[in-house]
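**Q** Sequence first, predicted model second:
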Protein chains: 2
Amino acid sequence: MQEKEISQAVIRRMPRYYRYLGELLDAGVERISSNDLSKRMNVTASQIRQDLNNFGGFGQQGYGYNVKYLYEEIGKILGLNERHNIIVMGAGNLGQALTNYVKFEKLGFVIIGLFDVNPALDGVTVRGIKIRMLDELESFCEENQVDIAALTMPKEKADAIANRLVGLGIRAIWNFAHVDLELIDKNVVVENVHLSDSLMQLSYNIVRNKKAEENGN
Amino acid sequence: MQEKEISQAVIRRMPRYYRYLGELLDAGVERISSNDLSKRMNVTASQIRQDLNNFGGFGQQGYGYNVKYLYEEIGKILGLNERHNIIVMGAGNLGQALTNYVKFEKLGFVIIGLFDVNPALDGVTVRGIKIRMLDELESFCEENQVDIAALTMPKEKADAIANRLVGLGIRAIWNFAHVDLELIDKNVVVENVHLSDSLMQLSYNIVRNKKAEENGN
């Protein structure tokens, strides 16, 4: 595989390819042309070819793509051939929802710990995972391989917790707190899920559509 | 305000401006130059000027931006000067987490209903909102103005529910089901939150960083 830098826009599209190929595989489809894949996914065939060429291609002229091979290769590109251990910081509604979401585990993302500061939650279990108090974080991270920390606590506490985690050697943060983290180590990977931003984008499009309808478009 | 089409990439950045301006406003800052805003937000001043010029500018040469005015104008652009009523389809962990998230309400997004198919949940309340069974959906949508439906049910059921909602006049869907919806009306606005995709993007970047570190970059 090539080592050149691939744009995040391309990377954002890869999970969608992975999902469609998984569905094709489940349906028993062995190979597919970029044209057929293009129709299914509602993107151009040229976009598909360009995206996959970033990783060296995978297609054969006149044959198309081997579904199983492409599915597995994209899985490797996305790091899904490795197990990723996750701890969830904050055992409120969202933290518990993430912990209960079993599908992550099928993709190799395994939640192994859940932390909170509320003493009422100490020792409560969610899907068999014990909620621990924050003062157990250091010993837990020493005894367990933690790859990703999901932050679901209020934004005011997010920076402090995130940097404490980075100090403990955690290299990836899945951030649900509504703030841009300021980390002591810029090489730590951060992926933000800002639900309020997503709602605002939705409401922008609602307003835009209403205006277009009023203007008779 | 101009009526030209603005790219979704610009729109995706607007909630972040709104958030930073809100923080400046809370801190009592009355005006800010695009250079200072640029440093805070870690984007170029030219990007800020370009983004805001899509909506007609707002800045004054030598003065910068009036924080309160810009905050309010971006709020209007994002439709935050209107109330948006939301119903949540699926009262599992995620549906309950969304319902419990009080900050949406401060932005004008008010959850007014919560639906499920599990009889054990019938009549249970979440933050004062009664969980209703799906057969009450039609009467509820007749009696209430519903602007947005949040889908948190399994992906297998998402298309059917989404199209039932569209048939009831709902024009916007906030989709958490891990599927691309196929709607009977293409003008309905859909905003996807695909948590698995976000995790895969994170794990791609973990793998990439590991490789870079191994190569001594």
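**A** Noted; the coordinates are in hand.
**Q** how about A:Leu21, what does it touch?
**A** A:Val67, A:Leu70, A:Tyr71, A:Ile74 (Cβ atoms under 8 Å, 6 or more residues apart in numbering or on different chains). In short, each C-beta sits where N, CA and C put it, glycine included.
**Q** As a markdown table, those residues with distance to chain B would be great.
**A** Formatted as a markdown table, the contacts of A:Leu21 follow (distance: Cβ to the nearest Cβ, whole Å):
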| residue | distance to chain B |
| --- | --- |
| A:Val67 | 18 |
| A:Leu70 | 15 |
| A:Tyr71 | 13 |
| A:Ile74 | 9 |
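**Q** filter those to the buried ones?
**A** A:Val67, A:Leu70, A:Tyr71, A:Ile74 (16 or more other Cβ atoms under 10 Å in any protein chain shown).
**Q** returning to what we had before: ok, so of the contacts of A:Leu21, who is nearest A:Glu30?
**A** Taking Cβ to Cβ as the measure, A:Glu30 sits nearest to A:Val67 out of the contacts of A:Leu21, at 5.9 Å.
**Q** ok, and for the longest strand seen in chain A, which residues are buried?
**A** Identified as the longest strand of chain A according to DSSP state E is strand A:109-116. Within strand A:109-116, the residues that qualify as buried are A:Phe109, A:Ile111, A:Gly113, A:Leu114, A:Phe115, A:Asp116, counting by 16+ other Cβ under 10 Å.
**Q** cool, and stretch A:47-63?
**A** Buried, per 16+ other Cβ under 10 Å, within stretch A:47-63: A:Ile48, A:Arg49, A:Asp51, A:Leu52, A:Asn54, A:Phe55, A:Gly59.
**Q** follow-up on the earlier one: which ones among the buried ones among the contacts of A:Leu21 map onto helices?
**A** Judged by DSSP state H, the subset of the buried ones among the contacts of A:Leu21 located in helices is A:Val67, A:Leu70, A:Tyr71, A:Ile74.
**Q** unless I'm mixing things up, the last one is touching A:Tyr17, no?
**A** Read it as A:Ile74. Yes: counting by Cβ atoms under 8 Å, A:Ile74 does reach A:Tyr17; the two are 5.6 Å apart.
**Q** Show me the domain layout of chain A.
**A** Domain assignment of chain A by automatic domain parsing yields the ranges A:8-77, A:84-197.
**Q** which one of the ones you listed is the most hemmed in?
**A** With neighbours taken as mean count of other Cβ atoms under 10 Å in any protein chain shown, the domains of chain A reach their highest mean count in domain A:84-197, at a mean of 18.
**Q** okay, how far is it across it, tip to tip?
**A** One end of domain A:84-197 to the other measures 27 Å (Cα to Cα, to the nearest Å).
**Q** Do any residues in that domain lie close to chain B?
**A** Yes: judged by Cβ under 8 Å from any Cβ of the partner chain, domain A:84-197 comes into contact with chain B at A:84, A:92-94, A:96-98, A:100-101, A:103-104, A:107-109, A:147-148, A:171-172, A:174, A:178, A:180, A:187, A:189, A:191, A:193-197.
**Q** roughly how far out does that domain sit from the chain middle?
**A** 14 Å (Cα atoms, centre = their mean, to the nearest Å).
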